[in-house]
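*Asks:* Prediction below, plus the sequence it came from.
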Amino acid sequence: MIQECNIRHANINDLDNLIPLLKLLFAIEADFSFDEAKQRRGLELMLERPNERCIMVAEVNNEIIGMCTAQLVITTAEGGTAALIEDVVIKEEYRGQGIGRQMMNALEAWAWQKGVKRLQLLADRSNTPALEFYKRLNWNRTQLICLHKKER
């Protein structure tokens, strides 16, 4: 078990340490491919508006070993805001030690403090370990499916 794990908000100085985590995540997600320039720009955009977006990181011995992100969106179904959670990833050697739970709890606390009505996330349907993790954290499946369309 990890003795000292620091969960904190990311800042611009963390960018170079977050990119490899996204590369790790995108390697297991069939719908995404890694492009460092795009991922760097996406992270920069996340960090530009800390009142609306959040990147939470987990550190062990001053090394960032995990991350998750959230951004606020309007939900007409709930008549308020929801937090869209993405990019949940922890280096493989640190999984199963409660770090993901701590990181997600911190991200959820940020969202609830912002007054969200609902948390929502997307997960790769073939990523069984992730789906089991979310189930242990009391996330529920919905009848919705995700569709997307890219710019031509």
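*Replies:* Cool, got the structure.
*Asks:* Which helix or strand contains the closest residue to Arg125 other than its chain neighbours?
*Replies:* Nearest non-adjacent residue to Arg125, counting by CB to CB, 6 or more residues apart in numbering: Leu131, 7.7 Å away. All C-beta spots, glycine's among them, are computed from the backbone N, C-alpha and C. Leu131 is part of helix 128-136, with elements assigned from DSSP states H and E.
*Asks:* what are the bridge partners for the spatially most central residue of the chain, then?
*Replies:* Nearest to the geometric centre of the chain sits Cys68, at 2.6 Å (CA atoms, centre = their mean). With DSSP bridges as the criterion, Cys68 is bridged to Met56.
*Asks:* which residues does it contact?
*Replies:* Contacts of Cys68 were listed using CB atoms under 8 Å, 6 or more residues apart in numbering, and they are 55-56, 85-89, 103-104, 107.
*Asks:* Would you mind measuring from it to Tyr134?
*Replies:* 12 Å (CB to CB, to the nearest Å).
*Asks:* same question, Leu24
*Replies:* For Leu24, the distance to Tyr134 - CB to CB - is 18 Å.
*Asks:* higher neighbour count, those two?
*Replies:* Counting neighbours by other CB atoms under 10 Å for Leu24 and for Tyr134 shows that Tyr134 has the greater number, 19 against 14.
*Asks:* Just give the number of residues close to Arg141.
*Replies:* 9.
*Asks:* so how far is Lys135 from it?
*Replies:* Using CB to CB, we find Arg141 at a distance of 9 Å from Lys135.
*Asks:* quick one: low-confidence ranges for this protein?
*Replies:* 1-3, 30 (pLDDT under 70).
*Asks:* Sketch out the helices for it, chain order is fine.
*Replies:* Applying DSSP state H to the chain gives helices spanning 15-28, 36-48, 99-113, 128-136.
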